[in-house]
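S.K.: sequence? don't have it. structure:
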């Protein structure tokens, strides 16, 4: 049943403003440089390089993909990197990936890295460079870490969504991974909106740990994926054999969690390809989940399996993916699109304890200010229940990962916890335990 439990606030100390620990290392040559907009500005001033993103690779313990924008074309774009505690600097040539809205985009792949090791890097053209930026490669499976999950940012980014982003960064300064569930912007190729998005998160976030992004329908203009998308979020390169899905469906293994991105925006597929769009991903997802050595599995997609708002249906997405998600007992399914908050499960996943379920936990969330009226209708049509549902509530989510548990909290900008549960795996099996 839908929760009516009173939301609770984080302790005051957990909500006070603080710089992320990783951001304190950003632009290492500029001791004491603050995070967010100021470190973004410093990087831009140092040679005209910005929109720097560290993307998850198939093997984030030994490899990293870096993308960035320059204000001018370069004959020799490159990344220079070295262990953060000193050592030989290595220069890796980058490739130019195209010009969009007057900006010149580049990509470089760092390989042969050492697991659980801090590196510092800078991007440039061999003459001019950004400031130094620090990141850490993934550690071993079972090493604890925390990750953030954001639903749709989309609208009024600077005034309506950025304060929530800043609160998330302050409350979870050591987040090692970030999941973005689509609709990062409202208009696919509006460069000013992408500028707002990057300013909201800051180089101290996007460039210091893996960003794992799935596109939303607003990253499309008709059938066309935003020209910005794969230049900023190229994906891990291990998706289905379908060029229409390049950079949008992929997976990575991070410290015992398999993170999977699905592209559920079938309404943006050409009309003659919509069925294949979903079917190709279903076959691929079955393979990815069958051959999964990790203890935990998190799947993110934009248009949800069970719609959470009035007048919406997840039927097509449900028919494509629900059986596979259930069969492989995925732990978290993190979604967006419906501009409301909801979390639930299939009815047959109930147990004798009303606070305990089994199977996947399906979540829909929204980070930006655009809101729709929530409804249980599509959950019920799917044979599911929505256990917690909120309207007019902007949230970010933090998940703490250990060997035996995933601790999930959904929080508002002010630190109010509006949903919380723990996924447990132990000798008694797997269960989802509500607070």
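M.R.: Perfect, thanks for sending it. Just so it is clear, the structure is predicted and the values come from calculations on it, not from any experiment.
S.K.: now do the buried residues in the helix or strand hosting residue 80.
M.R.: Element membership for residue 80, per DSSP states H and E: strand 78-83. Neighbour counts over strand 78-83 (16 or more other Cβ atoms under 10 Å) mark 78, 79, 80, 81, 82 as buried. C-beta: built from backbone N, CA, C; applies to glycine.
S.K.: and stretch 113-124, by the same measure?
M.R.: Within stretch 113-124, the residues that count as buried by 16+ other Cβ under 10 Å are 113, 117, 119, 120, 121, 122, 123, 124.
S.K.: returning to what we had before: listing partners with orientation, what would you give for the strand holding residue 80?
M.R.: Counting by DSSP bridges, the strands paired with strand 78-83 are strand 90-93 (antiparallel), strand 118-124 (antiparallel).
S.K.: for the ones you listed, which one sits closest to residue 74?
M.R.: In terms of Cβ to Cβ, the element of the strands paired with strand 78-83 nearest to residue 74 is strand 118-124, at 8.2 Å.
S.K.: which one of the buried residues of stretch 113-124 is nearest to residue 302?
M.R.: Of those, the one sitting nearest to residue 302 (Cβ to Cβ) turns out to be residue 123, at 29.0 Å.
S.K.: in this structure, which spans are helices?
M.R.: 12-15, 37-45, 162-171, 191-201, 203-206, 229-232, 274-290, 315-327, 377-381 (DSSP state H).
S.K.: return the residues in contact with residue 241.
M.R.: Contact analysis of residue 241 by Cβ atoms under 8 Å, 6 or more residues apart in numbering lists residue 280.
S.K.: domain parsing for the protein?
M.R.: Domain assignment for the chain by automatic domain parsing gives 23-136, 145-434.
S.K.: about what we covered before: now distance to residue 320 too, for the buried residues of stretch 113-124, in a markdown table please.
M.R.: Below are those laid out as a markdown table (distance: Cβ to Cβ, whole Å):
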| residue | distance to residue 320 |
| --- | --- |
| 113 | 36 |
| 117 | 39 |
| 119 | 39 |
| 120 | 43 |
| 121 | 39 |
| 122 | 43 |
| 123 | 38 |
| 124 | 43 |
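S.K.: pick the one among the residues you listed closest to residue 94.
M.R.: Nearest to residue 94 out of the buried residues of stretch 113-124 is residue 123 (Cβ to Cβ; 7.4 Å).
S.K.: tell me what the closest one is bridged to.
M.R.: On the basis of DSSP bridges, residue 123 is bridged to residue 79.
S.K.: picking that back up, and residue 156, which of the strands paired with strand 78-83 is closest to it?
M.R.: Nearest to residue 156 among the strands paired with strand 78-83 is strand 118-124 (30.2 Å), distances taken as Cβ to Cβ.
S.K.: tell me the mean pLDDT for that closest one?
M.R.: Per-residue pLDDT values across strand 118-124 average out to 98.
S.K.: now swap in stretch 376-390 and tell me
M.R.: pLDDT averaged over stretch 376-390 gives 98.
S.K.: any figure for the gap between residue 73 and residue 97?
M.R.: Using Cβ to Cβ, to the nearest Å, we find residue 73 at a distance of 12 Å from residue 97.
S.K.: which one of the two has more residues nearby?
M.R.: Using other Cβ atoms under 10 Å, the more surrounded residue of residue 73 and residue 97 is residue 97, with 17 against 11.
S.K.: for that one, give me its contacts.
M.R.: 67, 105, 106, 107, 230, 231.
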